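[1] coords please:
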Amino acid sequence: MKILRLSLLCFIVLVFSLSCKAVTGLLTGNEETIISQQTDETLPIPQPGGLITRVTLALGSEPETYNPVNPATEFLPTDTIHAIVAVKKAPADTLFSARWVTTRVDLEDRDNTVINTTEIQTGGSGNLDFTLTPDGEFPTGSYRVEIYVNNKLDQLKTYKIVASGR
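    Purely as a prediction, here's the structure:
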């Protein structure tokens, strides 16, 4: 009898938690957003498709393998930023793209501005190296790189541009 009561209690808790998530919008469609607990930023929610195994932000990459060199999440205003995307068993002609976006920067009216978008069509396994080079200097603040697979948001990484030091 105790096992039946415990099972019923667990079921009620599960249904209640799923109901709360549905009411707060965490189980809606493709238009989902998430609030960052650190800075009140609204960010899109990626929906991983399984082809990307890892995204690493770095200061550089190895020439032939594109393995990350000096991984980082903070960069200087003059740094070139590498988003190294590890891909596994992608079908031929899969379209990968990186969209570099400001999140919250120290310039008026520049929040949530697309800086650059780059596309690579490929297949197989290995690393892809998407880079962003400043035209002068990046403003200090918070940024993100959104990685898309066949035009669907798959991964998102945030980073910062800082005035000095790392």
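
[2] The nearest residue to residue 117 once chain neighbours are set aside pairs with what?
    Leaving aside its sequence neighbours, residue 117 sits nearest to residue 99 (CB to CB, 6 or more residues apart in numbering; 4.8 Å). In short, each C-beta sits where N, CA and C put it, glycine included. Counting by DSSP bridges, residue 99 is bridged to residue 117, residue 146.

[3] Spit out the contact partners of residue 99.
    Contacts of residue 99 were listed using CB atoms under 8 Å, 6 or more residues apart in numbering, and they are 114, 116-117, 145-148.

[4] what about this protein, any weak spots by pLDDT?
    Filtered on pLDDT under 70, the chain yields the residue ranges 1-41, 165-166.

[5] just the helices in it please.
    Chain-ordered helices for the chain, with DSSP state H as the definition, fall at 2-24.

[6] how is it carved up into domains?
    Domain ranges of the chain: 1-31, 32-161, per automatic domain parsing.

[7] Most tightly packed of the ones you listed?
    domain 32-161 (a mean of 16; mean count of other CB atoms under 10 Å).

[8] Quick one: residues contacting the nearest residue to residue 92 once chain neighbours are set aside.
    Nearest non-adjacent residue to residue 92, counting by CB to CB, 6+ apart: residue 123, 3.8 Å away. Residue 123 sits next to 90-94 when contact means CB under 8 Å, 6+ apart.

[9] Make TSV from the residues you listed and add distance to residue 57 to it.
    Shown next, in TSV, are these (distance: CB to CB, whole Å):
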residue	distance to residue 57
90	21
91	26
92	28
93	27
94	22
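
[10] Any figure for the gap between the nearest residue to residue 60 once chain neighbours are set aside and residue 82?
    Closest residue to residue 60 apart from its sequence neighbours, by CB to CB, 6+ apart: residue 69 at 3.8 Å. Distance of residue 69 to residue 82, given as CB to CB, to the nearest Å: 8 Å.
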